[in-house]
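A.B. asks: Coordinates for the following, if possible.
(2 chains)
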Amino acid sequence: MKRVGVVALNTFREAVRDRVLYNLVFFALAMIAASILVGQVSIGIEEMVIVSLGLSAISVIGLLIAVFIGVALVSKEMDKRTLYALLAKPVRRWEFLLGKFGGLVLTLTVNTLAMAAGLFLALRLVKHSAEPLEGAVLVAVYFILLKLALVVALALLFSCFTTPLLSILYTAGLYIAGLFVTEMRNYQSETMSRALQSLLRWLSYLLPNFENFDVMAAAAHGHAIPGMLIAHNTAYAALYCAIVLAAAAAIFTRRNLK
Amino acid sequence: MRTVASRVLLCAVLLLGFAGVWQLQHAIDAQLAATHQEQDDLVLRSGPLLKAMSLEYAPLIADLYWTRVVQYYGNKHVRQDTNIELLWPLLDVTTTLDPNLIIAYRFGAMFLSEPPPRGAGKPERGIELLQRGIGANPEFWRFYEDLGFIYYFELQDYRKAADVFLEGSKQPGAMVWMKAFAARISEKGETLETSAMLWSEIYNSTNEPSIKKNAQIHLQLLRARADCTQLNKIAEEYEKRTGRRPGNMRELVNADLLPGLVVDPAGFVYSLDAEGKAQINPASPLSKEQSIKEKLP
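C.D. replies: So this is what the prediction gives:
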């Protein structure tokens, strides 16, 4: 595990050196501007708009980082030929992958927490009452983080056997499909055969369900999110990441790197 | 040997993993269902705004919206949910994004016009949609046919229906029977024969199974209605002879007024109600359809 930790820490350092966290400046400016603007133009729903806007921005920025950096985690090391030097050391391939995953998740955690801090600051600026909004927003931020971890795992899986461009397409495609899982499961139509409906239902359980992590509306309205849902979503994300990373490790271990 | 073992291990991990995911998903579904009720929502209702936002991809977005319409209507229909308030805004957006999407006008008008639970029960919206379709696609004469059907079946405005069929018959490429429909409706208004003619035309002109089935049910109900009218005449004859209304169909057969028990198009023997009037057997699937279509002319 120590070797995994070293790879993870180096991945984080590399991301910082690559100025990945610069987006935080953009986010902070956007949130300050939005809070001032929203305060001027909206009546009664300032907090709701700030929460929706902030969580959406955290999600979008995080997704961009997760997909674009996630798919480059392996390919960049191969292009620069640093992977060969690394694997010549006593580091197993699955350890390398797990380290890369951990490093990017760490980067995303720092990024997301910093953005969440910006969001809370903006909320403080516009907040007129002391409603218990922060708890739900914090859970929503946590769910975004779980979602991003899953996206990183998928990006890493695809980057183990295909080109970066295709990896981006596959990851984005799977993410979009994962947003329509409930619709897929509940789709009922007279024009669709029972076999196809059953297939869609099965598929809906196998695909990563990104809808599980969408509590943005509840957070914006200050609705409490049950503790069991937090526990189940955490377990779901952890288990799905484990499955995807196991598959990625199996592929990467068999890959001919010559 | 080691490779085989590792592959078996990987398969086991994946299988067990997905089994766990399956279990967790059920638990999450239950919690999400408990925390918020299902809500229909359409965030962007402005067609022009969406058109501007979709750049040159408006037809593609229109197709997606049309898929959403079908899905929305299909889900509601299967669940027998009569609250289909979003149907009109969805169709409005779809046809604004792509004014030449003929299918959206035709099916949309049908979905909007039919009485609940089959449709939204808003024929005036259906008419509005078709008139918009005519404005954007003046060469498509079938819109007049659809408009005529709505005036005839849903609004029972036979004069308007005749006018629309006549107007449609003047469009380039229109079939000659449009003029015949106009003349017949103008002359006789509502008759079982005219209704049967119109539904036969719908049945023959569509390849869409759900519409075909709907037309077939209407035709069967019309036939059942004609049969009931005939059976009532026979029951009256029975009353003249015996001084009382028949208690069941068998009595009409025993009195040699019927050669045998008469069945409806679904194969169920007609029955008599408490007043001795012929009706579709409550066990027949047509009975349920009839209760849905109380307005059937």
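
A.B. asks: Would you tell me what the next helix or strand after the lowest-mean-pLDDT helix or strand in chain A is?
C.D. replies: Ranked by mean pLDDT, DSSP states H and E, the weakest helix or strand in chain A is helix A:23-41, scoring a mean of 70. Of the helices and strands lying after helix A:23-41 in sequence (DSSP states H and E), the nearest is helix A:46-79.

A.B. asks: touching chain B at all, that next one?
C.D. replies: No. Figure legend: helix A:46-79 not in contact with chain B (C-beta under 8 Å from any C-beta of the partner chain); closest approach 11.2 Å. Yep, even glycine has a C-beta here, placed from its N, CA and C like the rest.

A.B. asks: Quick one: distance of that helix to the chain centre.
C.D. replies: 7 Å (C-alpha atoms, centre = their mean, to the nearest Å).

A.B. asks: model confidence over the helix or strand following it, on average?
C.D. replies: Per DSSP H and E, the first helix or strand lying C-terminal to helix A:46-79 is helix A:82-88. Predicted confidence along helix A:82-88 averages 81 (mean pLDDT).

A.B. asks: and what of stretch B:226-246?
C.D. replies: Stretch B:226-246 shows a mean pLDDT of 87.

A.B. asks: contacting residues around the residue nearest the centre of chain A?
C.D. replies: What sits nearest the mean C-alpha location of chain A, by C-alpha atoms, centre = their mean, is A:L148, with 0.9 Å. Going by C-beta atoms under 8 Å, 6 or more residues apart in numbering or on different chains, A:L148 touches A:62-63, A:65-66, A:105, A:108, A:112.

A.B. asks: So B:K76 sits against B:E85, correct?
C.D. replies: No. B:K76 is beyond contact range of B:E85, at 10.0 Å (criterion: C-beta atoms under 8 Å).

A.B. asks: which one of the two has more residues nearby?
C.D. replies: Higher neighbour count among B:K76 and B:E85: B:K76, with 22 against 12, using other C-beta atoms under 10 Å in any protein chain shown.

A.B. asks: Is the closest residue to the more buried one other than its chain neighbours within a helix or a strand, and which one?
C.D. replies: In space, and not counting its chain neighbours, B:K76 is closest to B:I84: 5.0 Å by C-beta to C-beta, 6 or more residues apart in numbering or on different chains. B:I84 is part of no helix or strand when elements are defined by DSSP H and E.

A.B. asks: before we move on, what about the one 5 residues further on?
C.D. replies: Following DSSP H and E, one finds B:P89 within helix B:87-97.

A.B. asks: what residues does that helix touch?
C.D. replies: With C-beta under 8 Å, 6+ apart as the test, helix B:87-97 has contacts from B:42, B:44-48, B:50-51, B:54, B:58-59, B:61-62, B:65-66, B:68-69, B:72-73, B:101, B:104-105, B:108, B:111-112, B:120, B:122, B:125, B:129, B:132-133, B:136.

A.B. asks: Going through these, which ones are buried?
C.D. replies: B:47, B:50-51, B:58, B:61-62, B:65-66, B:68-69, B:72-73, B:101, B:104-105, B:108, B:111-112, B:120, B:122, B:125, B:129, B:132-133, B:136 (16 or more other C-beta atoms under 10 Å in any protein chain shown).

A.B. asks: Tabulate the contacts of A:L148 (a markdown table), appending pLDDT, neighbour count and distance to B:S271.
C.D. replies: Listed next are the contacts of A:L148 as a markdown table, based on pLDDT from 0 to 100; neighbours: other C-beta atoms under 10 Å in any protein chain shown; distance: C-beta to C-beta, whole Å:
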| residue | pLDDT | neighbour count | distance to B:S271 |
| --- | --- | --- | --- |
| A:G62 | 90 | 25 | 67 |
| A:L63 | 91 | 19 | 64 |
| A:I65 | 89 | 22 | 71 |
| A:A66 | 92 | 27 | 67 |
| A:V105 | 94 | 21 | 70 |
| A:L108 | 93 | 26 | 70 |
| A:T112 | 90 | 20 | 69 |
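
A.B. asks: Would you check which pair of the residues you listed lies furthest apart?
C.D. replies: Pairwise distances across these peak at 13.6 Å for A:L63 and A:V105 (criterion: C-beta to C-beta).

A.B. asks: Can you name the residues of the stretch 151-258 of chain A sitting close to chain B?
C.D. replies: When proximity is defined as C-beta under 8 Å from any C-beta, the stretch 151-258 of chain A approaches chain B at A:183, A:186-191, A:205-206, A:209, A:212, A:217-218, A:223, A:225-226, A:228-229, A:232-233, A:235-236, A:239-240, A:242-243, A:246-247, A:250.
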